[in-house]
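Below is the sequence, then the predicted model.
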Amino acid sequence: MNLSRSRRLGLVAMSLVFISSLSLAQERSSPRTVPANSEPAASSEDLAAIAKETTNPVGSAWMLWMQNDYTHLDGDDFDGRWSNSFKFQPVMSFPFEMADDNWNLVVRPVFQYNSTPMDESFGTLARGGSPLDIDPDEWSRNAPHRGRTEGLGDTALVTLAGPARADGVIWGLGLTQIFPTAEHDVLGQGKFQAGPAALIARLAPNPGGWNMGLLAQHWWSYAGEDDREHTSQTDLQYFLNYRLSGTELVGMTPNVRINWEADSGEKVNFPIGLGYSNVVRMGSTPVRLAAEIQHSVIRGDEWDADWNFRLMFIPVVKNPFM
């Protein structure tokens, strides 16, 4: 698939996702614990309850999570270049009972459309591992390959189960997987990967308090393309947010990445950030809007993410099981 066609398909896919999210959100009726499907005239208390539920990683809200990360790269030959990743993450929660307690099973697939500052032919030079693992001298010798590639990336699937609690200390355990669905080598890792996922958090019951927590995921490769290197990598998404009001948050939600197979000095990328988030109504649809800027205070020596600009658009839809 050539670059122009890939770009067109990606834009069409993102447009369909956006349109379908708004259409689905209009067909909602009130769930059991979250009045996410109330009428447009619903009270501000109802909207605050919806906003609170959307901050709970093992809550009952269904969401059509759309996120865009525009990332400035730093390092030899990459300095000043940009990458972009659009993610569509339908968040689906299924209630069940265990040990006379209410639980939620949250299923969250992650579909990606990526743009990277490397030509697709560069993938043949990096098939031993991640494109960013290539030797800098080899990168310099192959300067003509420094174009841009856009297309579908690898697909992830996160499943978490935890007690259904509205606030206080919450936790969840589950499985996380990555599937090699990337259109081009430079857009993915070419491996089937799986590992554990765990969540621990404390959610403030009322405005004026702090939400804080950590979602940890780790993957090992177990199958895939033979000429791509084994993977062992960790993603730690931590969040620290202050509840300004019933619907507003200020704080950060960065992702710390650790590549255990990388050379020393290239393993860790640790960002901090500052952002603002609010839940508003668009017609009868509650939507969480968020913007955040992040800076990696620890990053790879050769090249890595430096600055990241994150935007989120998250319609809340009906949970058919509530």
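Sure thing, it's come through. Numbering: from 1, shown residues only.

For the rest of this, base every contact and every neighbour count on C-alpha atoms.
Noted.

Show me where this protein has its helices.
3-25, 44-54, 136-141 (DSSP state H).

Give the rounded mean pLDDT of the last one.
Helix 136-141 shows a mean pLDDT of 58.

Return the residues in contact with the closest residue to residue 191 other than its chain neighbours.
Excluding the flanking residues, the one nearest residue 191 by Cα to Cα, 6 or more residues apart in numbering is residue 224, at 4.2 Å. Contacts for residue 224 (Cα atoms under 8 Å, 6 or more residues apart in numbering) come out as 180, 190-192.

out of these, who has the most neighbours?
residue 190 (28 neighbours; other Cα atoms under 10 Å).

For residue 227, see how far away the nearest residue to it once chain neighbours are set aside is.
Distances taken as Cα to Cα, 6+ apart put residue 180 closest to residue 190, at 4.9 Å, once the chain neighbours are dropped. According to Cα to Cα, to the nearest Å, residue 180 and residue 227 sit 14 Å apart.

for residue 251, same thing?
From residue 251 to residue 227 the distance is 42 Å (Cα to Cα).

and what of residue 263?
19 Å.

circling back: so the residue nearest to residue 190 touches residue 189, yeah?
Yes. Look at residue 180 against residue 189 with Cα atoms under 8 Å: they come within range, at 6.7 Å.

tell me, what's touching those two both at once?
Contacts common to residue 180 and residue 189, judged by Cα under 8 Å, 6+ apart, are residue 154.

can you pull the contacts of residue 102?
95-96, 163-164 are the contacts of residue 102 under Cα under 8 Å, 6+ apart.

now these: which count as buried?
Applying 16 or more other Cα atoms under 10 Å to the contacts of residue 102, the neighbour count classes 95, 163-164 as buried.

about what we covered before: same list (the contacts of residue 102) but as CSV, adding pLDDT and distance to residue 62.
What follows is those, written out as CSV (pLDDT from 0 to 100; distance: Cα to Cα, whole Å):
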residue, pLDDT, distance to residue 62
95, 97, 12
96, 97, 15
163, 97, 17
164, 96, 14
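
Which of the residues you listed sits closest to residue 112?
When the contacts of residue 102 are compared for distance to residue 112 (Cα to Cα), residue 95 comes out closest, at 27.3 Å.

No more questions from me, cheers.
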